[in-house]
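> Generate coordinates for the sequence data below:
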Amino acid sequence: MLSASINDYPTSVVFLPKLGLGSYQDEPHRDDHPLHRVAPLSQLKCYSRVLILIAPIVMASCASRPLVIPSKTTTPHESVHPADVHRSDPLEPLNRLMWRWNYHLLDPLLLRPLAVVWHHCLPYRLRQGIDNALGNLDELPSAMNYLLQAQFTKSLRPVARFAINTLVGLGGLIDIASYSGLPKHPHYPLGHVLGYYQLGHGPFLVLPAYGPTTPRQLTGRMIEQICYFPLTTLTLWGRVGKELLEGIERRAQLLSRESILQHSSDSYLTVREAYFQSNDFAIQEERGEQAKEPDQALPQEILDQLD
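The predicted structure follows:
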């Protein structure tokens, strides 16, 4: 099967679950030395990991080229032509190899079959409840990221949603907050906060079994997993399970949209440009700048899957 031409496999449009870092256990702190009371071991671990993660993103982002918006106006399902854009993609040959592995082999052989079973065998209400509970874990991280941008009013919405759904909605299984006038918004990641403060994307990356990302977005994701409550309460397998179930649910929602990338002359380029444009638009909107709407080469449901 794997020896067949790559074009024989269907092109998928969803990204595989993005796995976070494993959890760590703080050792019991029994030393009464004054220095230990000033700087607990758990905090030192967290700070040191954050510094280690931030260093490569700063260096990579400084080397990235500036964004050039396509000069050509594209129609809703038209692909972006390579000559119209200039992106930081020095690893394009390797990225394209990972793209073919992820979306032409790994997805049709593994993720899509799981999504089909998930979609047809589980009742919709059960699927929705699981998705609500998993999404509830991202509410407080979103609030923290808004606080880092000094957007105090925006940070109140996810805090209120988390409190209502956790206390009244059976731990988040029922989205009571949406019925109360607090609709759910996509998770606002720490990578966007770094971009808000003018940190560059860095080079485009396609990671095996992870999908499109950049050093900035990947670093933000890792820091959230290490330092943000309630994600810090999850064990390694809890984080793997969360990302896997979310990925399967998103894939199930996109079963009817699988032909989108098949009609693109270069699916890799289409996703790469959609990724950059979607991230830039979200950050420009937060800054209050006049943001250019991203070219709709991909539908919004797919753009929401991007980092």
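
> Show me the shaky parts of the stretch 201-307 of the chain.
290-307 (pLDDT under 70).

> again, but for the stretch 1-150 of the chain
Short version for the stretch 1-150 of the chain, where the test is pLDDT under 70: 1-86.

> how about the helices in the stretch 51-200 of the chain?
Secondary structure of the stretch 51-200 of the chain, counting by DSSP state H, counting those that start in this stretch: helices at 92-100, 112-121, 124-136, 139-148, 152-167, 176-179, 190-196.

> Verify the contact between residue 251 and residue 113 for me.
No. Assessed by CB atoms under 8 Å, residue 251 is found out of contact with residue 113, at 10.0 Å. The C-beta positions use only the backbone N, C-alpha and C, and glycine is treated the same way.

> Which one's more surrounded, those two?
Per other CB atoms under 10 Å, whichever of residue 251 and residue 113 has more neighbours is residue 251, with 26 against 12.

> in which helix or strand would I find that one?
Under the criterion of DSSP states H and E, residue 251 resides in helix 236-253.

> Next secondary structure after that helix?
Counting by DSSP H and E, what follows helix 236-253 is helix 267-287.

> Packing partners of that following helix?
helix 92-100, helix 190-196, strand 211-213, helix 300-303 (3 or more CB pairs under 8 Å, 6 or more residues apart in numbering; DSSP states H and E).

> and the first one with helix 267-287, angle?
Read that as helix 92-100. 100 degrees (axes from the mean of the first three to the mean of the last three CA atoms, to 10 degrees).

> Pull out the buried residues from helix 92-100.
92, 95, 96, 98, 99, 100 (16 or more other CB atoms under 10 Å).

> can you put those in CSV and add distance to residue 117?
Below are these laid out as CSV (distance: CB to CB, whole Å):
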residue, distance to residue 117
92, 35
95, 30
96, 30
98, 26
99, 25
100, 25
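
> Is residue 204 in contact with residue 88, as I believe?
Yes. Counting by CB under 8 Å, residue 204 touches residue 88, with 6.4 Å between them.

> the more surrounded of those two?
Remark: of residue 204 and residue 88, residue 204 carries more neighbours, 22 against 19, as counted by other CB under 10 Å.

> May I have the phi/psi pair for the more buried one?
Per-residue torsions, residue 204: phi -70, psi 140 (degrees, to the nearest 10).

> name the helices or strands packed onto the helix holding residue 251?
On the basis of 3+ CB pairs under 8 Å, 6+ apart, helix 236-253 makes packing contacts with helix 112-121, helix 124-136.

> Point out the most buried one among those.
helix 124-136 (a mean of 17; mean count of other CB atoms under 10 Å).

> which other residues reach it?
Residues outside helix 124-136 that contact it (CB atoms under 8 Å, 6 or more residues apart in numbering) are 118-119, 161-162, 165-166, 169, 171-175, 184, 187, 242, 245-246, 249, 252.

> before we move on, what about stretch 151-159?
139, 140, 142, 143, 144, 146, 147, 182, 185, 286.

> wait, the fifth one sits on residue 230?
This means residue 144. No. Judged on CB under 8 Å, residue 144 makes no contact with residue 230 at a distance of 11.3 Å.

> the more surrounded of those two?
With neighbours defined as other CB under 10 Å, residue 144 and residue 230 compare such that residue 144 has more, 19 against 14.

> got the contact list for the more buried one?
Residue 144 sits next to 155, 228 when contact means CB under 8 Å, 6+ apart.

> returning to what we had before: give the intersection of the neighbour lists for residue 204 and residue 88.
With CB under 8 Å, 6+ apart as the test, residue 204 and residue 88 reach no residue in common.

> Now do the contacts for the closest residue to residue 180 other than its chain neighbours.
What sits nearest to residue 180 in space, not counting adjacent residues and going by CB to CB, 6 or more residues apart in numbering, is residue 164, at 6.3 Å. Residue 164 is in contact with 176, 177, 180, 182, counting by CB under 8 Å, 6+ apart.
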